[in-house]
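Student: Okay, here's the prediction I keep looking at, along with the sequence it came from:
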Amino acid sequence: YAMLLSLIFLIVLVAAVVGFVFRHEIKTNFESNLNLALRDYNVTADRHSEAVDTIQRTLHCCGVQNYSDWEKTEYFAQKGIPQSCCKSQTDCSEEDLKDPSKAKLKVFVDGCFFLVTSTMESKMSVVAGMSFSIACFQV
């Protein structure tokens, strides 16, 4: 029983240290993967496109740094900015989404990268506190 508790304690400790030490690499990887997901975004609901849509709808954001990131994608040339960026689904036409100046008024202008990373960082204190309390309980 003591060996099992020691093993769990070490796993929690290593996970906390690795998360803290490599947090910048995690951010960099997330940003590059989000850029790739935008570049490869398409209408045929693959899981990367669904993830981008979910992030944009949930966090009320658009693109990586801002909504203009979509202008560099193939999808923008065909259909404009995705519907998941719209503030109101009923007030977003395809013509508006193809014109960046009109789209600015109808879509979320903030980028998703900052919102996701700030949300993760705000939750890290809760995760660290839980890990510390579990470790103290085990000791």
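Tutor: Sure thing, it's come through.

Student: residue closest to the middle of the chain?
Tutor: Nearest residue to the geometric centre of the chain (C-alpha atoms, centre = their mean): Val116, 4.5 Å.

Student: State the distance from that one to Ala77.
Tutor: 26 Å (C-beta to C-beta, to the nearest Å). C-betas here are computed from N, CA, C, even on glycine.

Student: Likewise for Leu105?
Tutor: Applying C-beta to C-beta, the value for Leu105 to Ala77 is 21 Å.

Student: What pLDDT is listed against the residue nearest to the centre of the chain?
Tutor: With respect to pLDDT, Val116 scores 87.

Student: List the contacts of it.
Tutor: Neighbour list for Val116: 30, 34, 55, 59 [criterion: C-beta atoms under 8 Å, 6 or more residues apart in numbering].

Student: I'd assumed Cys62 was in contact with the second one.
Tutor: Translated: Leu34. No: look at Leu34 against Cys62 with C-beta atoms under 8 Å: they stay out of range, at 11.8 Å.

Student: shared neighbours of those two, which are they?
Tutor: Residues touching both Leu34 and Cys62 comprise Cys112, with contact defined as C-beta under 8 Å, 6+ apart.

Student: Which secondary structure state is assigned to the residue nearest to the centre of the chain?
Tutor: helix (DSSP: H, G, I helix; E, B strand; the rest coil).

Student: quick one: it and Glu31, what's the gap?
Tutor: Taken as C-beta to C-beta, the span from Val116 to Glu31 is 9 Å.

Student: Then Asp91?
Tutor: From Asp91 across to Glu31, the span is 30 Å (C-beta to C-beta).
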